[in-house]
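> heads up, no residue letters with this:
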């Protein structure tokens, strides 16, 4: 069965949307969960961070290793069914421990989505096409912002956070079945040379081979540092608007859906189009542009947390939109470069390793660090402690930008693996 590569890309993009949606939905209802289950900010940080990220990150590597040698479509469909059922179960949690354990299962399921999907996409699209193709795929995250924040905000306000999780979880089961029945991994019927070599390589040898690629190392560092900042602020942005500007979740969810959704859609699209049209096959130029854009995005985010520059919620939302627009321009080209500088039979593992460190450091520690810092600053800043906690995190992005700039100096020598 021959699969149309554009249909495959479209379906994988929709799956990615639901893969990310529950994370943004969770951030909208953190304040309600805190009240309902009597939690602290530190507990909320653990709940939205390490409880999910630990399994998501650690299991991502063996799942990706399996994907580099096995049937990627089966892995993706089974993972989608697992995380969708677990998201639905979040609405039945009666305590912090129960909800944390369910989030662990969600993370386990969602670990099997991105690495196998990017591996499939890299196999179907050429080096010159990859920035655009990966950017299209990353639009699934953009759509998850748009749908997740809007749906979560209003479903929570009308029905409560428990019903909200059930509503956003169940559609993923249908998508899992559709993936299994309409997509097919070429490896199921065609044993490729690159696959035949994979079983002879141990996980240790794969890691050593990847570590020798300087560009891979810099991209790994850049993502880990950037996600520490991004997730450290992202999960707390809705709570920041609730506390600092007394916004209701329904209106807030709509605003965030519009801003994050539109800014992500435009940013990811422009980033992929620019790289494909003006820097196709020129990864060095792409990486330098990403370094500059990352720095600009961090400055815009810092401005949002300054009272003088954002005296009300509408000004803060405007700065948030501009920061998001610039930040997301790097999404497609960054992972396209990653898939270009590693051997084809290590593509899924390379993504999983980047996600391992990015999620453990970023998703795992970022929200907790912001929450803990907010608790520590509360005696001085009371209800505004969260604002200043996230402002302190903003300069971290400059570190991430430096690694992108450094990767631009090494990428030309690492393109020997291109297929």
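Here it is on my side, so go on. Given the structure is predicted, the values throughout are model-derived calculations rather than measurements. Numbering: from 1, shown residues only.
> immediately after the helix or strand of the chain with the lowest mean pLDDT, which helix or strand?
Lowest by mean pLDDT, DSSP states H and E among the helices and strands of the chain is helix 193-197, with a mean of 43. Going down the chain from helix 193-197, the next helix or strand is helix 203-211, by DSSP states H and E.
> show residues contacting that following helix.
Under the contact criterion CB atoms under 8 Å, 6 or more residues apart in numbering, helix 203-211 has outside partners 61, 65, 201, 216-217, 342-343, 346, 349-350, 353. For the C-beta atoms, the positions are set from N, CA and C on the backbone; glycine is no exception.
> please report which of these has the highest neighbour count.
residue 349 (31 neighbours; other CB atoms under 10 Å).
> touching, that residue and residue 64? I think so.
Yes - counting by CB atoms under 8 Å, residue 349 does reach residue 64; the two are 4.7 Å apart.
> show me where the stretch 1-150 of the chain has its helices.
5-28, 30-37, 41-48, 50-67, 72-89, 96-110, 114-124, 130-159 (DSSP state H, counting those that start in this stretch).
> for the stretch 151-300 of the chain, same thing?
Using DSSP H, counting those that start in this stretch, helices in the stretch 151-300 of the chain cover 161-169, 171-182, 193-197, 203-211, 214-234, 237-245, 249-278, 283-304.
> give me the contacts around the first one.
Outside of helix 161-169, the residues that reach it under the criterion CB under 8 Å, 6+ apart are 18, 21-22, 25, 29, 32-33, 36, 84-92, 148, 151-152, 155-156.
> got the contact list for residue 292?
By CB under 8 Å, 6+ apart, the neighbours of residue 292 are residue 401.
> now swap in residue 327 and tell me
Residue 327 sits next to 230, 267, 293-294, 297, 301 when contact means CB under 8 Å, 6+ apart.
> do that again at 10 Å, thanks
Counting by CB atoms under 10 Å, 6 or more residues apart in numbering, residue 327 touches 226, 229-230, 263-264, 267-268, 271, 293-294, 296-298, 300-301, 397.
> out of those, grab the one that's most surrounded.
Counting by other CB under 10 Å, top hit in the contacts of residue 327: residue 271 with 30 neighbours.
> is it true that that residue touches residue 142?
No - Residue 271 sits out of contact with residue 142 when judged by CB atoms under 10 Å, with a separation of 11.3 Å.
> hey, what's in contact with both of these two?
Shared contacts of residue 271 and residue 142, counting by CB under 10 Å, 6+ apart, come down to 135, 328, 331.
> buried sites along stretch 347-358?
Buried residues in stretch 347-358, counted by 16 or more other CB atoms under 10 Å: 347-358.
> what does stretch 24-44 give?
Residues of stretch 24-44 classed as buried by neighbour count (16+ other CB under 10 Å): 24-34, 37, 39, 41, 43-44.
> span of it from start to end?
14 Å (CA to CA, to the nearest Å).
> likewise for stretch 388-402?
Span of stretch 388-402 from end to end, CA to CA: 24 Å.
> quick revisit: buried ones among the contacts of helix 161-169?
18, 21-22, 25, 29, 32-33, 84-91, 148, 151-152, 155-156.
> circling back to that earlier point, between the contacts of residue 327, which is nearest residue 337?
When the contacts of residue 327 are compared for distance to residue 337 (CB to CB), residue 271 wins out at 12.0 Å.
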